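Enquirer: Would you be able to build a 3D model of this:
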Amino acid sequence: MFFGYTVSLYFKNQYPDYLKPFFEFSYKYANYPSDFVRNIYKITKIELKINSQKGQLNNFYLNIENNVNNLFFLESVVSDNKINLIDLSNNDIVHTWTNPANLREYTDDNKLLKEIFYGGYLDTNDGSLILRGIETSNTIYKIDKNSKLIWLLELDPKYHLDEVFHHTLSVDEDGFIYVPIVKFRDNFDNLVTNEWREDGYAVISPEGELISEHFLTDIFEDNNLFHYVLGVGAIEWDPYHLNEVEVAKSDSKFWKKGDLLMSLRNLSMIMLYRPSTNKITWYQIGPWLSQHDPDFLDDHTLSIFGNDTVSNYFSRGTNETLYYGNNSIYIYDFETNKTSKIYENLMTESSFNTITGGYHKIIDNNLFVNYDEPGVGVLFSERDEIVLSTLDNSNNFLLGARDVFKKNDIKFIKD
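Expert: Residues are numbered from 1 along each chain as shown. Below you'll find the predicted structure:
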């Protein structure tokens, strides 16, 4: 409760300047796990389960009895200020990116200069990366495969905490970037105990120019859905918490190319939005709870990473409870209008869970999960076995994002 109160004051800026370091510490402590928690995760059963068969590799353990010859593993090692692409068949680092040497000429964001963070997009054809700061950065930039800066977009620090770009970005077939953004509006401050956090998304051109910004309150009001924010209980200062905007890259019976798949964590809502008509074409609340990372799985199915946590206003994001005891992977089928869970045994038996964040990818019937809070990535095989388990050696929440790719999809690596 004490930390929840200090976080509340922190966002309202109701404190003397000389106490700012204390409130910044309280905010970070309330949102990020301690070293003690992180070390507890490291000795849990998931790693002990593969202990007898493991070979310790760069920053992870690999079950040598599983065949992963067809996969590359990408890991963003924040503490080492580099991103590695690793061949899982032999543990060779086949490519490395670092922050551009001349980045300081374009930004004075010291945190950004010290840390490189995978923003969720690797161009598998040319090896370029789109990067951003960790959660509280108003900067997004692109580097080529040789770590040379292509462009950098830094918005004016007009938003609270400079927190603009966050979570995972998406890129359409023409190279336009869609990324969640945050700003704080005073429109509804009289209704909430903090500043009203407004979530939306920005569209950025392939050349790094800000094209437009779109905010959820406007979208909800235009689609007569704002009652989900104002009329279902106590009004939160963080009503939406948008954590994913994924663009549809092809037409189907259920969506059109260019539609946006959005995840609104604090409403436990997934929705499809069509920018060309400003219409929400579909939405569903639950059964997932506080979810992240919805994906287009095929032409009629979505997969969703269900954090499945519950909380109240004062503990949102800081002291949440796993309602079912574990995270889940959900499937929603538009053809049957039904939701189901997949990999249920794996997710139930996994000793890792994440309250905030979370990423998944289904690849060749294998399941990769990045658990943001413990800083652990796990690759499960279709035979319900653990193939790979990473370690967080950085003592830094969101050590980074990790991902897996088929070798055949990575065109910029020469055989």
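Enquirer: can you pull out the helices in this structure?
Expert: Assigned by DSSP state H, the chain shows helices spanning 2-12, 20-31, 35-42, 45-48, 110-114, 216-222, 227-230, 344-349.
Enquirer: What's the mean pLDDT across the second one?
Expert: When the per-residue pLDDT values of helix 20-31 are averaged, the result is 43.
Enquirer: now the first one
Expert: Taken as a whole, helix 2-12 has an average pLDDT of 40.
Enquirer: Okay, now the unreliable bits of the stretch 1-150 of the chain?
Expert: Low-confidence segments of the stretch 1-150 of the chain, defined by pLDDT under 70: 1-67, 77-79, 134-136.
Enquirer: where does the stretch 201-350 of the chain dip in pLDDT?
Expert: Across the stretch 201-350 of the chain, the ranges flagged by pLDDT under 70 are 313-318.
Enquirer: That one: strands as residue ranges?
Expert: With DSSP state E, counting those that start in this stretch, the ranges of strands along the stretch 201-350 of the chain come out as 210-215, 242-247, 260-264, 269-274, 279-285, 292-296, 301-306, 309-310, 321-322, 328-333, 338-342.
Enquirer: would TSV of the ones you listed with distance to residue 229 be doable?
Expert: For every residue, glycine as well, the C-beta is placed using N, CA and C. Shown next, in TSV, are the strands of the stretch 201-350 of the chain (distance: least, C-beta to C-beta, whole Å):
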stretch	distance to residue 229
strand 210-215	12
strand 242-247	13
strand 260-264	10
strand 269-274	11
strand 279-285	12
strand 292-296	20
strand 301-306	21
strand 309-310	19
strand 321-322	23
strand 328-333	23
strand 338-342	23
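Enquirer: Next, format these as JSON lines and append mean neighbour count.
Expert: Formatted as JSON lines, the strands of the stretch 201-350 of the chain follow (neighbours: other C-beta atoms under 10 Å):
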{"stretch": "strand 210-215", "mean neighbour count": "14"}
{"stretch": "strand 242-247", "mean neighbour count": "24"}
{"stretch": "strand 260-264", "mean neighbour count": "24"}
{"stretch": "strand 269-274", "mean neighbour count": "20"}
{"stretch": "strand 279-285", "mean neighbour count": "16"}
{"stretch": "strand 292-296", "mean neighbour count": "22"}
{"stretch": "strand 301-306", "mean neighbour count": "24"}
{"stretch": "strand 309-310", "mean neighbour count": "19"}
{"stretch": "strand 321-322", "mean neighbour count": "14"}
{"stretch": "strand 328-333", "mean neighbour count": "20"}
{"stretch": "strand 338-342", "mean neighbour count": "14"}
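Enquirer: out of those, nearest to residue 204?
Expert: Of all the strands of the stretch 201-350 of the chain, strand 210-215 sits nearest to residue 204, with 5.9 Å by C-beta to C-beta.
Enquirer: before we move on, the earlier item: out of the strands of the stretch 201-350 of the chain, the one nearest residue 105 is which?
Expert: Judging the strands of the stretch 201-350 of the chain by C-beta to C-beta, what sits closest to residue 105 is strand 210-215, at 20.2 Å.
Enquirer: I'd say residue 352 and residue 375 touch.
Expert: No. If you go by C-beta atoms under 8 Å, residue 352 and residue 375 don't touch, sitting 9.8 Å apart.
Enquirer: Compare these two and say which one has the larger neighbour count.
Expert: Set residue 352 next to residue 375 and count neighbours by other C-beta atoms under 10 Å: residue 375 wins out with 27 against 21.
Enquirer: That one and residue 340, how far apart?
Expert: 29 Å (C-beta to C-beta, to the nearest Å).
Enquirer: Kindly report the same for residue 98.
Expert: From residue 98 to residue 340 the distance is 42 Å (C-beta to C-beta).
Enquirer: Same question for residue 131.
Expert: Separation of residue 131 from residue 340 (C-beta to C-beta): 36 Å.
Enquirer: Check residue 153 too.
Expert: Distance of residue 153 to residue 340, given as C-beta to C-beta: 40 Å.
Enquirer: Find the nearest non-adjacent residue to residue 250, please.
Expert: residue 257 (5.5 Å; C-beta to C-beta, 6 or more residues apart in numbering).
Enquirer: Isn't the one you found up against residue 276?
Expert: No. When contacts are counted by C-beta under 8 Å, residue 257 is not listed as touching residue 276 (10.1 Å).
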